[in-house]
Every structure is written in structure tokens, then in C-alpha cells.
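>>> 3D, please:
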Amino acid sequence: QVQLVESGGGLVQAGGSLRLSCAASGMPFTFSGYAMGWFCQAPGKEREFVAAISWSGGSTTYADSVKGRFTISRDNAKNTVYLQMNSLKPEDTAVYYCAAKRGGGARSRDEYDYWGQGTQVTVSS
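Numbering: from 1, shown residues only. Predicted coordinates:
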């Protein structure tokens, strides 16, 4: 049974930082066989793409709104993907989800096969 478990969310002031983690287990293939993505969903809004990383970590892509502030990375030895969030803004407030897919990274949530339960990030002004 595939499990993606996010952690690291919380309440932070604007301008602050958080580091999200997503630990994977039970995948049919080794963790390094999956591209990983982070998405966010604010109340009343659709789930949106934030960042994605290739299986090797050699390729990353970001939403324009987080470029230069967020960094996605992975440690295949630990079956974990990270999202370093710096210079946080109140508009970053959302539930953040990690997701996994075979093949290359993608911006469309429809392409992802597995999802975590999410972790809340709240940025106060």
C-alpha cells in the first residue's frame, strides 16, 4: 500500500521559512523510479501546481508564483522529497500535498498516481 506522508507545515510570519518533507513507502517500484510533485490548495480554490522534480533530481520545475522562493529536492536513499519555502507570503497559505508519478515530472495534477494527505501551511501578515 502506497503511503506519502507530508510533514513540516505550520504557522509562520510573512517573510519566514518552512521546510516540508514527504516520506514515501509501499511503492510498487523503487522511489527513484518516480517523479515527485508538490501542489497546494487554498480554501475555495482548486489544487494548484507548486513544483516538481525528476526521478534523479536533475530536473526541476516551478510555478511562476514560487520561483526564486521555493526549492524542491529529494533524497532517494531516504525515499523523501522536500520543499524548502523561503520568503513566505500570506497568499502561500494552503494545504500542501506531495504526489508521485512514474516517468517525468509534470505540472498537471491529473498525471499523478499517488497523493499524500496534505500538511497545512499558514502564513500570517
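
>>> partners of the residue positioned nearest the centre of the chain in the sheet?
The C-alpha lying nearest the average C-alpha coordinate of the chain belongs to Trp38 (CA atoms, centre = their mean; 2.4 Å). Counting by DSSP bridges, Trp38 is bridged to Ala51, Cys98.

>>> hmm, Glu48 and it touching each other?
No. With contact defined as CB atoms under 8 Å, Trp38 does not reach Glu48; the gap is 10.0 Å. C-betas here are computed from N, CA, C, even on glycine.

>>> quick check: mean pLDDT of stretch 5-22?
On average, the pLDDT along stretch 5-22 is 98.

>>> endpoints of it, how far apart?
End-to-end distance of stretch 5-22 (CA to CA, to the nearest Å): 5 Å.

>>> please identify the buried residues of that stretch?
Within stretch 5-22, the residues scored as buried using 16 or more other CB atoms under 10 Å are Glu6, Gly8, Gly9, Val12, Leu18, Leu20, Ser21, Cys22.

>>> any idea what the fifth one is bridged to?
By that I understand Leu18. Counting by DSSP bridges, Leu18 is bridged to Met85.
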